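1. Structure for this input, please:
(chains A and B)
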Amino acid sequence: MRIETNRHGAVTVIKPGGPVITQEDATQLRTESFEVLGNTLGRFIIDVSEMTFVDSTGLETLVDITDELGASGQSLKLCGLSDTLREILAITELTSKFQQFEDVQTAVRSFL
Amino acid sequence: MTTPKTQSRFGIQRFFVRGESLVATTGMAFIAILAFAVGGVVWVSARTIDESVLVQSEERIRETSALIASQSELRLSDADLSGLRRLMLDAVASGMVEECEVSISNLGVIASSDASQTLVTELPQTWDPSPGVEANIIHNTETHRSMIHEPLTVDGRTGVMLSMVMNQSGQVVGSDSIRASSVGIMSVGLILMLLVYRRFRNRLGALAGIGDALVAAAEGERRMACLVVGEQLGPEAKAWNTLLAEREALEQIEATREIVEASSGGGVESSGLPAACNTLTQGVVLVDSDLSVAYANGAACVFLRVSREEMVNSTLDGVPGSEQIIEATLAVLSNHGPARQVIELGNIEEIESQGAILRVVITRVEEEEVPRAMIFIEDVTQQRLADQSQGAFIAQATHELRTPLTTIRLYAEEAVEAGSDDEQIRDKALNVINSETRRLERIVGDMLCVAEIEAGSLSIRSETMRTESLFAELQEDYEMQAKEKSIELVFDLPPKFPSIQADRDRLGQALHNLVGNAIKYTPAGGRVEVKVNFAEDDAMTVSVIDSGIGIDESQQERIFERFCRADDRRIAQVTGSGLGLALARQIARLHGGDVHVESEIDQGSTFTFMIPGSQEMAKAA
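-> The predicted structure is shown next:
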């Protein structure tokens, strides 16, 4: 899976280029996210606008990231969620574990 | 803690039942008792067998001697001395009798199994009838032989004695061999036991050591040094020591927690304050006067890049890169120092290497007898970058406003000077003033628009409109500017413009920014093309294609942010507010569409502005 990483000021935006449906995808997303988390002290967003679907392994990865951020009082910021993704988070009762934003700009502004 | 009494008792115990000796002694004692028991059983069994054999043997001796005696008496009655001698030889030949002889008291041996003993060739008619020795059997236990004396009566005459030596060794051999084999088996068993003990001595030692440690722990001993077992005793000892180490680590964590609770004033845990502090995105650290850390929340540990355990159990000296914080904290803790200090760690220029700009506020906590310091840490990296962008924006905006104002002032002066004498100059001046005023209007409009976006109040007023006039205005506004820069400006418009639902002013504002940017960033001699297309559902796509300097791929998304301009030294001399593209995208999105860019460095860029048809827009709304 292609994962783009862009900087918006001091905020890093991680953008998976497709659905996270295999162990490999999840591992790749986890590795990338934890590396960015360590480098930026948690100033990062995951842009899921192209992540049309996520399986249990992918969800577990997102939960692990938000839990790690939780140690410093933060939670993972997701932006560009599709209806499917919102539904998955609602069904699995994980909605409250993440901060959700319409687009990257709004999410970046939340760090101000 | 162990008392002297318990230590002494423990010492005595260790002396008597220390380590391996406890198990070894018990094992050895058990085996010895077993060996004695087996030996006793074997001994009693052998003894019983011996007695039984002796009784049987005596009976057989009696029977045999009675038989030989009766046969001897018959032969003596017949005076058959040779028959008597054959009888003696036959008796010896039978194996049970070793020696056998018949003697008469005054004549001596008359028949014997040993032919050399016989001196009498014929049996006399008479002999001294005095009785000899009485019948008896004498057993010799050492030689396992029995001596039998049996008086004979020949035709009523006495004085004849049958003497025999009989062998019992065949019977006793059995019990002796049982004893011998039992002793052999026990010896072999003992040797094997010693070998096995030698092989497992260490393992037994480990178990015994662990047993001792458990007893000591039950007595109240908690010191690690007193409870560990030598690891050379095997895997059990290693496992035990690992367990002890883990227990000690857990105790340390518990102790740390207790320290944190105590430092938080007791009862704070129950109030949930530490848990609440952990939800803060600002770091909070409570430091004692000796710089030891009494409390630190999760965010503080993340900002200072240390683990919670490392942080709480150490002083600030142990936190890497905290020299400035220490200096400021010491100043705050000193008697005459300031009660509050604010410092910033890191700067924008070194943001890539340092990773963050941290704002640290240190305040003195006066409630304690010995003052403490509370340190608040906040990540202000994004704020500082935003401040920098806004500063740059103000500088650019000032420049943007000043340029048309200067132009307007100069041409106004020229028009006034020319008066009604030179209409051509006056008309040109008025045209320029008109153009620059509209430019100024657009800049101010952009700024107002940004203010509305910031306030979240930017909205559109959709109406049915035709766009021919909009593109005509665009062409008119930028034709002169393009001509001045020797840029070929081309409008590729469709033959027919359908009516669309849109906010005319906002749409014009967005397209002005796109076309204005294309001309601004295209060098002299270049080309700018504005291509307009309408789909069947009236969706409008405007592509602004230039042959300009292009945008690096890494910057292509960033240029749509407010106050941001591409990080490119080629545009350093080009003025710009960093608002135009952000506004264009925002306006497109308010119409249900979007703006995208495709670009290559030095090849040019294509900005595509798209708004959907009325039906799609209604859905988006």
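
2. And the closest residue to chain A within the stretch 451-600 of chain B, how far from A:His8?
-> Taking C-beta to the nearest C-beta as the measure, the point where the stretch 451-600 of chain B comes nearest chain A is B:Glu557, at 5.6 Å. C-betas here are computed from N, CA, C, even on glycine. Applying C-beta to C-beta, to the nearest Å, the value for B:Glu557 to A:His8 is 8 Å.

3. what touches both of the two?
-> Here B:Glu557 and A:His8 have A:Val104 as joint contacts, going by C-beta atoms under 8 Å, 6 or more residues apart in numbering or on different chains.

4. more crowded one of these two?
-> Higher neighbour count among B:Glu557 and A:His8: A:His8, with 23 against 19, using other C-beta atoms under 10 Å in any protein chain shown.

5. Would you mind giving me the confidence score for the residue nearest to that one when sequence neighbours are not counted?
-> Using C-beta to C-beta, 6 or more residues apart in numbering or on different chains and skipping the chain neighbours, the partner closest in space to A:His8 is A:Val108 (4.5 Å). On the pLDDT scale, A:Val108 is placed at 86.

6. show me what contacts A:Val108?
-> With contact taken as C-beta under 8 Å, 6+ apart, A:Val108 is in contact with A:His8, A:Gly9, A:Val11, A:Val13, A:Ile45, B:Gln382, B:Glu561.

7. which of those tops the neighbour count?
-> A:Ile45 leads the contacts of A:Val108 on contacts (other C-beta under 10 Å) with 26 neighbours.

8. tell me which element the residue nearest the centre of chain A is part of?
-> Per C-alpha atoms, centre = their mean, the C-alpha nearest to the average position across chain A is that of A:Ile46, at 3.3 Å. Taking DSSP states H and E as the criterion, A:Ile46 maps to strand A:44-47.

9. Give me the next element, helix or strand, following that strand.
-> Using DSSP H and E, the helix or strand that follows strand A:44-47 in sequence is helix A:56-70.

10. Report the mean per-residue pLDDT for that next one.
-> For helix A:56-70, the per-residue pLDDT averages 91.

11. Stretch B:590-608 now?
-> Mean predicted confidence for stretch B:590-608 is 90.

12. All the helices of chain A, residue numbers only.
-> A:23-40, A:56-70, A:83-91, A:104-109 (DSSP state H).

13. Those helices into CSV, with extra columns for distance to B:Gly526?
-> Output for those, formatted as CSV (distance: least, C-beta to C-beta, whole Å):
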stretch, distance to B:Gly526
helix A:23-40, 39
helix A:56-70, 46
helix A:83-91, 43
helix A:104-109, 30
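
14. Just name the most buried of these.
-> helix A:104-109 (a mean of 20; mean count of other C-beta atoms under 10 Å in any protein chain shown).

15. Distance from that one to the middle of the chain?
-> Distance, stretch centre to chain centre, for helix A:104-109: 13 Å (C-alpha atoms, centre = their mean, to the nearest Å).

16. got it, and stretch B:47-66?
-> 81 Å.

17. in that stretch, what counts as buried?
-> B:Ile49, B:Asp50, B:Val53, B:Leu54, B:Ser57, B:Ile61, B:Thr64, B:Ser65 (16 or more other C-beta atoms under 10 Å in any protein chain shown).

18. Ok, stretch B:411-420 next?
-> The neighbour-count check on stretch B:411-420 (16+ other C-beta under 10 Å) flags B:Tyr411, B:Glu414, B:Ala415, B:Ala418 as buried.

19. Present those as a markdown table; the columns should include distance to B:Ala582, pLDDT and secondary structure.
-> As requested, the buried residues of stretch B:411-420 are arranged in a markdown table below (distance: C-beta to C-beta, whole Å; pLDDT from 0 to 100; DSSP: H, G, I helix; E, B strand; the rest coil):
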| residue | distance to B:Ala582 | pLDDT | secondary structure |
| --- | --- | --- | --- |
| B:Tyr411 | 31 | 89 | helix |
| B:Glu414 | 36 | 85 | helix |
| B:Ala415 | 36 | 84 | helix |
| B:Ala418 | 41 | 75 | helix |
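
20. Name the nearest of the residues you listed relative to B:Lys520.
-> Distance to B:Lys520, by C-beta to C-beta, is smallest for B:Tyr411 among the buried residues of stretch B:411-420, at 21.2 Å.
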